[in-house]
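> no FASTA, just this:
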């Protein structure tokens, strides 16, 4: 009788729990986008009782670890789990969380099950929203079939509830070796051809034509002349450049040269486009490091690159933060990644890696893979806490004259930070007196991965650099390599690339529209715009087979031709979209609450925007008509008719207006791409670099050989360097690829638009209230993987 | 209504204070039972992390008990002032008919004075709790 009563009690409680799981609003990376999509109308997670995601762990009983668990964020994940009340369940969503996935890299925990118990694993990269629902159903089944909560509830001793799976430990219950157990001591395939060894690299035996060479125009020649006259003996023209005017500058005078270029040179180079470094130690040469400064001129659209050689193992050079305030973060990143110090830098400390990290990851002698390092275990997650906010706001303990300030952390886990960004505000009442940012919680080491994956293998990693821009990410990368190796892309492939890039711009801006409106209090747009976004993703899926991460572009073209029925699908979308957009605009654009929350909030002046390297719609909202698609046309954008929308004031409302208008322009481009899709090949016939079309591979021995080489050791890209940037939805994303003439890059630098855009965030937020800060977050449209990479 | 006599006060037969007392006891017992159930039932695991303040997943800096900015206090005081004044209006509404037009005019005057006060606070920036946005 007694046991029958308990059984009945168990059944009732399990039934109730099964239908009322409340997940936490907690996302780490790409997977969370699909998890959030599962909430929207098409998938409607509410059907399963997992109704509204709870923003605080105190109100949640289900932790869906969606995305990559980084070593810097792992202590936070663990704390959030600990702060949830009993009973609690854990679902691990996506390959990264399950096992590290494709990110076997120094900054990523190889499986969340080393620090948390996990009940259900959802496979996929990322899993589709349906897979999230299935994971939920599996957890429900687990609750009903295995849990006996009543004894726990009434303290009768015994009973089970919640996730109680044991933690897995390397060597006992888990192996991080993706080949399985028993391979200890056998190096991973390919490790002998990647840095710092290279000794077994057979790419050296192959011949390829030299890297492409650009002819310098009249303006470039006169600039070189001016530099030679002004700085005799200091500036030397690089013998060979594939992409832009390049000078080698002696370390003693590079600051003067930069000053000259910014203020006096013809066609002033106003913007510090990028700043990075190279570790030369695994290369033939005399320098140990090279600093690379890349500038951009707005007046006569053009770029220039300066390279400064540094000597010694722990080199020191001078800061340029007084010339460009935006150099602050860039120099910190170089310090963090390479260990180069900058004299006179106001705050030279680590930026991406957790404090206390040993070594500098982008040095050639730093391990690239997490599996080469000791496993990340529970005690590390308990010990390696993020630095206290006061250390950022008041370094050295200076608290200011007004007594104890109120310090508030907003993020890394916060609904409104749109990812793992940590803001630390010193508040006076509601007013933000000072704002500091701590980034690096999403550092996936993708630049290091670029040094070990072959040129083709790296493409899927580019998708994940901006996980809402999908295939648009591939473009910047393939363009850079194509520029370096001089690969011709057929016209049809170019238009397919444009079509997909613009579809992803639309999809990104729809998410922006919904989340920004949500941030200032309007809930409904979320449920509307995700419907059209699903239509776009359906088209993308029809063409590429993927949703978020199609990895669809290839060196020299795209992966396959357009399928039957693509035209009708795109046309159906083009037909309904203008009406829907109008409807959404009617909801939001003239909405007095929305206007009151955004007009005049978080203004950024055009001067500041140019100085801080702000790009994309955020720059155009300051009134400058600057779009790479117009200024440096690529992939055939010069053949399309579209306008570059701008707005004035640079406030949150202006940033919103620009993006809404951009959707209309993108739609125009999509229409033209559909109407004028050229016929012809979808991938180049230069099979030295491209993966041959399947038909050719099966019928011609030459193509078969190329196929074999290109998918195993990878094509050999000639020695040299090239930078290519595209206008992704968030701004200017650039890839700077440096090749040693091997099957993979020597250095893979990614210039993410978010890095510069977010660095300027404190400028906009100082003096505003906390609620306005949330509006500024929403209006900026940044994404963490392209800030932290 | 009949006044309750002393004798009937505690009588179970007369409707009066007894039922009120009984009702009060039942309410207390019910609340007590609920609090007890909520406290006793269910699994409880204490840990250092669980009892820590939740602040976006990181360890908070400093304490929440610090000097409060004055504007918050001002807003609270203004609210209290206007709230208490509202009580007079409620009282007036109850005897609206008895007081007639005289009362009505007096109340209108009272409300106008309140509105002038509100406008004054508004113009002086008393409702803006951001230091830098307040008119100088």
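All right, it came through fine. In this text the structure is predicted, and so the values were computed from the model without any measurement.
> any idea which helix or strand comes after whichever strand or helix holds residue A:64?
Using DSSP states H and E, residue A:64 sits within strand A:62-66. Next helix or strand after strand A:62-66 toward the C-terminus (DSSP H and E): helix A:74-83.
> quick one: the strand holding residue A:64 to helix A:74-83, angle?
Using axes from the mean of the first three to the mean of the last three C-alpha atoms, to 10 degrees, the direction of strand A:62-66 lies 160 degrees away from that of helix A:74-83.
> from the chain's centre, how far out does strand A:62-66 sit?
With C-alpha atoms, centre = their mean, to the nearest Å as the basis, strand A:62-66 stands 21 Å off its chain's centre.
> Likewise for stretch A:316-329?
That offset, for stretch A:316-329, works out to 24 Å (C-alpha atoms, centre = their mean).
> Now do the same for residue A:215: helix, strand or coil?
With DSSP: H, G, I helix; E, B strand; the rest coil as the basis, residue A:215 sits in coil.
> Need the phi and psi values for it.
Phi and psi for residue A:215, reported as degrees, to the nearest 10, are phi -90, psi 140.
> Tell me, how many residues neighbour it?
Using other C-beta atoms under 10 Å in any protein chain shown, residue A:215 is surrounded by 5 other residues. Quick note: C-beta positions are derived from backbone N, CA and C, even for glycine.
> Next one: it from residue A:256, what distance?
Going from residue A:215 to residue A:256 by C-beta to C-beta, to the nearest Å gives 28 Å.
> Give me the longest helix you can find in chain B.
Secondary structure of chain B per DSSP state H: the longest helix is helix B:96-124.
> Show me what it is packed against.
If you count contacts as 3 or more C-beta pairs under 8 Å, 6 or more residues apart in numbering or on different chains; DSSP states H and E, helix B:96-124 packs onto helix B:70-94.
> Without its sequence neighbours, what residue ends up closest to the residue of the stretch 151-300 of chain A found nearest chain B?
Nearest residue of the stretch 151-300 of chain A to chain B, counting by C-beta to the nearest C-beta: residue A:152, 4.7 Å away. Nearest non-adjacent residue to residue A:152, counting by C-beta to C-beta, 6 or more residues apart in numbering or on different chains: residue A:159, 4.1 Å away.
> give me the number of residues near that neighbour?
17.
> I figured it was touching residue A:149, is that so?
Yes. The pair residue A:159 and residue A:149 passes the contact test of C-beta atoms under 8 Å, sitting 6.1 Å apart.
> thinking again about what came up before, which phi and psi does the residue nearest to residue A:152 have?
Main-chain torsions, residue A:159, degrees, to the nearest 10: phi 80, psi 160.
> can you tell me which residues contact it?
A:148, A:149, A:150, A:151, A:152, A:153 (C-beta atoms under 8 Å, 6 or more residues apart in numbering or on different chains).
> Is the residue of the stretch 151-300 of chain A closest to chain B within a helix or a strand, and which one?
Here residue A:152 is assigned to helix A:150-153, by DSSP H and E.
> Figure out how far that helix is from the centre of its chain.
So, by C-alpha atoms, centre = their mean, the centroid of helix A:150-153 is 45 Å from its chain's centroid.
> Same question for stretch A:526-545.
With C-alpha atoms, centre = their mean, you get 21 Å for stretch A:526-545.
> Contacts for that stretch, please.
Against stretch A:526-545 from outside (C-beta under 8 Å, 6+ apart): A:37, A:40-42, A:470-471, A:496, A:500, A:503-504, A:506-507, A:510-511, A:513-515, A:517-518, A:546-548, A:550, A:552, A:559, A:562-563, A:565-566, A:569-570, A:572-573, A:576-577, A:580, A:583-584, A:587.
> Over to stretch A:370-380 now: how far is its first residue from its last?
Using C-alpha to C-alpha, to the nearest Å, one end of stretch A:370-380 lies 14 Å from the other.
> Stretch A:207-219 too?
35 Å.
> what's the answer for stretch A:85-98, then?
24 Å.
> so does it get close to chain B?
Yes. Using C-beta under 8 Å from any C-beta of the partner chain, we find that stretch A:85-98 touches chain B at A:86, A:87.
> how about the residues of chain B near chain A?
So chain B meets chain A at B:40-45, B:47, B:49-50, B:52, B:54-62, B:66-67, B:69, B:71-72, B:129-133 (C-beta under 8 Å from any C-beta).
> Buried ones from those residues, can you make that a ChimeraX selection?
Here is the ChimeraX command that selects the buried residues among the residues of chain B next to chain A (16 or more other C-beta atoms under 10 Å in any protein chain shown):
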select /B:42,50,54,55,56,57,58,59,60,61,69,71,129,130,131
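> and the residues of chain B next to chain A, which of them are in helices?
B:40, B:71, B:72.
> helix or strand for the residue lying closest to residue A:174 once chain neighbours are set aside, which one?
Excluding the flanking residues, the one nearest residue A:174 by C-beta to C-beta, 6+ apart is residue A:168, at 3.8 Å. Using DSSP H and E, residue A:168 sits within no helix or strand.
> Now do the contacts for residue A:168.
A:111, A:113, A:114, A:174.
> Please repeat the previous calculation with a cut-off of 6 Å.
A:113, A:114, A:174 (C-beta atoms under 6 Å, 6 or more residues apart in numbering or on different chains).
> Tell me, how many residues neighbour the residue nearest to residue A:649 when sequence neighbours are not counted?
Of all residues not flanking residue A:649 in the chain, residue A:603 sits nearest, at 6.1 Å (C-beta to C-beta, 6+ apart). Using other C-beta under 10 Å, residue A:603 has 19 other residues around it.
> I'd like the distance between residue A:603 and chain B.
14 Å (C-beta to the nearest C-beta, to the nearest Å).
> And that residue, which helix or strand is it part of?
Per DSSP H and E, residue A:603 falls between elements, in no helix or strand.
> And it, how close does it get to residue A:772?
Counting by C-beta to C-beta, the gap from residue A:603 to residue A:772 is 11 Å.
> So if we follow the domain assignment, how does chain A break up?
A:2-153, A:218-352, A:378-438, A:446-788 (automatic domain parsing).
> Lowest average confidence across the ones you listed, which one?
Mean pLDDT per stretch puts domain A:378-438 lowest among those, at a mean of 82.
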